[in-house]
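Q: Provided below for reference: sequence and predicted model.
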Amino acid sequence: MSGRPRQHLVAYRWFAVAFFGISLACAWPPLLWGQAAPGQAPRAVLIIDGSGSMWGKLGQTTKIAMAQRALARVLPEIAPAVDLGLVSYGHRRKSNCSDIEVIARPRRNSTTALFEEVHNLSPRGKTPIASALEIAAEALDHRNQPGTIVLLSDGYENCRRDPCAMSSALRGDGAALTIHVIGLGLKPADRQRIKCISSEGGGTFQPVNAIDDLENALVTVFAGLGTVAPRSVELPESTISKSIDPTGPPGLRLRALIEGSNRPILRGLNWKVTRVGSADTEPAVYEGSASQPAIKTAPGKYIVEARLGLANTRQTVDVAEQGPTIVTIPLNAGRLQLSTRANKGGPTLDNIFYKITVKPPGSSRAAKVLVVSQARTPEYHLAAGTYTISAQHGLARIERNVTIHPGRTEQLALTLNVGRLRLLAIAGSDDRVLDQMLFLVYEDDPDALGGAREVARSAADQPIFTLPAGSYRVVARRGRSETRARVTVQSGKTIAKRITLKSTTLRASAHVTGASNELDDLLTFRVYPDGASQEVEAKALVRTSRPNPTFHLEAGRYRIVGTLGYVNARASTSINLKPGDRKSIALEYNAGWTNFVLREPGGATIVDDVSWTLKDDAGRPLWSTDTPSPKTPLAAGSYERTAKHRGRRITTAFTLQVGQRKSIIVSFQ
């Protein structure tokens, strides 16, 4: 191993979602396999073929039973780490191409619940793959969120739609979507046709014919999501012979070894054999994950590719005319095991986001992301070489370079040197925990405005931040009330910080004098420091048009001013608030409601080219409008209003009482 750890806070952007209680860190580079961003579980939908052909047998086992048994083994590893949905087709009705069901939507479903649904499948119908892909993509909200579809099918579409075109369309229809295909006991013709679904969907194609191969294929796909580690296990020497029977018909006898080791590889190995010079559309001679496959082939030249985890190699071989051709392929690979701790000697941390990247020596291109994982202690086979490993937890991140040697296991234990900060705010007069809080965390930065840079925020009542050890400034804010504090985060420890706010809660309501019903329309509330001058009133501390608002204010004396409508109905009161106070006020309006109507002599209401002017009893203008029949609240009192219509005008006086609802009808004589 080489390289020095580099630890720093991850920059982030605040996207105006503080009220959801989320502390945001900057996103990783685009993730592989349609994986979600850090802090979100990968999202996937598994489509299981429920067509009648799934009752066909591979050996002594039906294909549906094989699928059920393989999933029974793999689901306990997948379900806890992925938002996994389940779709099936053909399992309820015969000869019905619309028989497609979203059995479980993508969320953190329990292993038991998912397996029960799989166990209850009873194949009987058609194979509408294209429609099933479309429905699965909709369940993933694929236009707005990344996701993965895994199709497990024993045959090709037979409902007159093109699943390959559908896969291509879904792939280009918004956010990152990846479609993998696992073919179970496929016929040769179906194998070539169904393969295009994965190639158009940016995924992998794995044909399988045995339960171990199916289980390994499922693990391989979900290992790419970072939910399980690839099952790459070497056999003990006593379990499998080092030699292969040299007798038999012409063909290939394959095995692979980790370079520097004499032990053949069992799980996690994938083979692909193609004829030299074959066209891209020609199917492979063999694709599978048997440990030592015996392949019947005609004499000639072939390309043999072996893949283990993220390591692969290929070799050109000549198949002899007499007897089997035995090929042993050494994989120039080693194993990497990862773990992360908060501090030296501390327990292994959960919720770590690992990223493995590689940059070819001397290349000016950006480093290639090989895998992103959320596994607690992930393990990978990698080609020999040097890689950059990064681990992120909360706002802390560390990077280290590691060199993989053939046949060796590198155990990389990272130490983030982080602690946790738990914040809560209490009222000044008691220990009551305050809600509707906003907490902001800053680190010292001489180059930032004010000498500090914001690194996290949360609107949770009692948020917990994971931060590199060090000193931070914390701002606790509740409405107009705010307090600042300095805290020190210690490596491997959880620090609980109680912040005292001189906060108060004030609920405001309004009603017309003499009426019991609270007003909920045409209201505006403003809060001013008590004694503010007329010039300062334009700069209210708080302004809202919500009915029955609640204000969170610093302790002090305030004046609350309310207006009803847009003319002159006003009310105000002053109140003194002490730390911890929770009080209510009710503004009373000495007001009523008016409705102005202008009519022709014959009684018809005039609805266009009308303007109104309103003055108080002293002749001061209060309001004007071009609305033909306006309605507005007014303070109780005497008024003069003038109506104009196409050169004609009429002026009359009226008086409005408290609580009165008055229609004022004016007619031209």
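A: Now that the structure is in, tell me what you want to look at.

Q: quick one, strands of the stretch 201-350 of the chain?
A: In the stretch 201-350 of the chain, the strands defined using DSSP state E, counting those that start in this stretch lie at 202-208, 251-258, 269-275, 286-288, 294-295, 300-308, 311-319, 324-331, 333-341.

Q: go on, the stretch 351-500 of the chain?
A: So, for the stretch 351-500 of the chain - with DSSP E, counting those that start in this stretch - the strands run 353-358, 368-373, 379-383, 385-393, 396-404, 409-415, 418-427, 438-444, 452-458, 464-468, 470-478, 481-489, 494-501.

Q: residues contacting Thr386?
A: Shown in contact with Thr386 (CB atoms under 8 Å, 6 or more residues apart in numbering): Ser2, Val358, Asn401, Val402, Thr403, Ile404. Yep, even glycine has a C-beta here, placed from its N, CA and C like the rest.

Q: farthest pair in those residues?
A: Greatest spatial distance among the contacts of Thr386 (CB to CB): Ser2 and Val358, at 14.5 Å.

Q: Neighbour count for those two, which is higher?
A: It is Val358, of Ser2 and Val358, that has more neighbours when counted by other CB atoms under 10 Å, with 16 against 8.

Q: Could you give the average pLDDT over whatever helix or strand Leu614 lives in?
A: Per DSSP states H and E, Leu614 falls inside strand 610-616. Throughout strand 610-616, pLDDT has a mean value of 93.

Q: ok, residues contacting the next helix or strand after it?
A: Next helix or strand after strand 610-616 toward the C-terminus (DSSP H and E): strand 621-625. Residues from elsewhere that reach strand 621-625, judged by CB under 8 Å, 6+ apart: Tyr566, Val567, Asn568, Ser611, Trp612, Thr613, Leu614, Lys615, Asp616, Thr632, Tyr639.

Q: ok now strand 621-625, how far from the chain's centre?
A: Mean-position distance between strand 621-625 and its chain equals 53 Å (CA atoms, centre = their mean, to the nearest Å).

Q: List the pairing partners of it within its sheet, with orientation.
A: Sheet pairing for strand 621-625, assigned by DSSP bridges, gives strand 610-616 (antiparallel).

Q: picking up where we left off before, nearest to Arg620, of the strands of the stretch 201-350 of the chain?
A: strand 202-208 (72.9 Å).

Q: Report the buried residues of the closest one.
A: For strand 202-208, burial by neighbour count (16 or more other CB atoms under 10 Å) applies to Gly202, Gly203, Thr204, Phe205, Gln206, Pro207, Val208.

Q: which residues are contacting it?
A: Strand 202-208 is contacted by residues 33, 148-149, 171, 177-186, 191, 194-195, 197-199, 214, 216-217, 220-221, 224, 270, 287-289 when judged by CB under 8 Å, 6+ apart.

Q: circling back: pLDDT check: weakest of the contacts of Thr386?
A: Here the lowest pLDDT out of the contacts of Thr386 sits on Ser2, with 37.

Q: What number of residues are in the vicinity of Arg582?
A: 13.

Q: quick one: it and Thr550 touch, right?
A: No: in this structure, Arg582 is not within contact of Thr550 by CB atoms under 8 Å, at 9.5 Å.

Q: Find residues that contact each of the two.
A: Residues within reach of Arg582 and of Thr550 at once, by CB under 8 Å, 6+ apart, are Thr505, Leu506.

Q: And the helices in the stretch 101-250 of the chain?
A: With DSSP state H, counting those that start in this stretch, the ranges of helices along the stretch 101-250 of the chain come out as 111-119, 129-139, 163-171, 188-200, 211-224.

Q: now the protein, which segments are flagged as low pLDDT?
A: Counting by pLDDT under 70, the chain has low-confidence residues at 1-40, 77, 79-80, 109-112, 174-175, 223-248, 260-263, 266, 428-430, 532-538.

Q: Check the separation of the first and last residues in stretch 399-409.
A: 19 Å (CA to CA, to the nearest Å).

Q: can you check stretch 155-168 too?
A: Counting by CA to CA, the terminal residues of stretch 155-168 are separated by 19 Å.

Q: likewise stretch 337-345?
A: Stretch 337-345: ends 17 Å apart by CA to CA.

Q: Which positions within that stretch qualify as buried?
A: Leu338, Ser339, Thr340, Arg341, Ala342, Asn343.

Q: what does stretch 593-613 give?
A: For stretch 593-613, burial by neighbour count (16+ other CB under 10 Å) applies to Trp593, Thr594, Phe596, Val597, Leu598, Ile606, Val610, Trp612, Thr613.

Q: Equivalent analysis for stretch 356-366, please.
A: By neighbour count on 16+ other CB under 10 Å, the buried set for stretch 356-366 is Ile356, Thr357, Val358.

Q: can you give me how far it is from the chain middle?
A: Distance of stretch 356-366 from its chain centroid, counting by CA atoms, centre = their mean, is 29 Å.

Q: same question, stretch 643-653
A: Relative to its parent chain, stretch 643-653 has a centroid offset of 62 Å by CA atoms, centre = their mean.

Q: hang on, the earlier thing: quick one: the strands of the stretch 351-500 of the chain as a markdown table, columns for distance to Met166 too.
A: Supplementary listing: the strands of the stretch 351-500 of the chain in a markdown table, determined by distance: least, CB to CB, whole Å:
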| stretch | distance to Met166 |
| --- | --- |
| strand 353-358 | 32 |
| strand 368-373 | 27 |
| strand 379-383 | 33 |
| strand 385-393 | 36 |
| strand 396-404 | 39 |
| strand 409-415 | 42 |
| strand 418-427 | 46 |
| strand 438-444 | 46 |
| strand 452-458 | 42 |
| strand 464-468 | 42 |
| strand 470-478 | 50 |
| strand 481-489 | 51 |
| strand 494-501 | 50 |
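
Q: So which of these is nearest Ala139?
A: Distance to Ala139, taken as CB to CB, is lowest for strand 368-373 among these, at 22.9 Å.

Q: can I get the helices of the stretch 101-250 of the chain in TSV with mean neighbour count?
A: TSV is the format used below for the helices of the stretch 101-250 of the chain (neighbours: other CB atoms under 10 Å):
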stretch	mean neighbour count
helix 111-119	15
helix 129-139	23
helix 163-171	21
helix 188-200	18
helix 211-224	24
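
Q: Looking at the ones you listed, which is nearest to Lys368?
A: Closest approach to Lys368 among those is made by helix 211-224 (14.7 Å; CB to CB).
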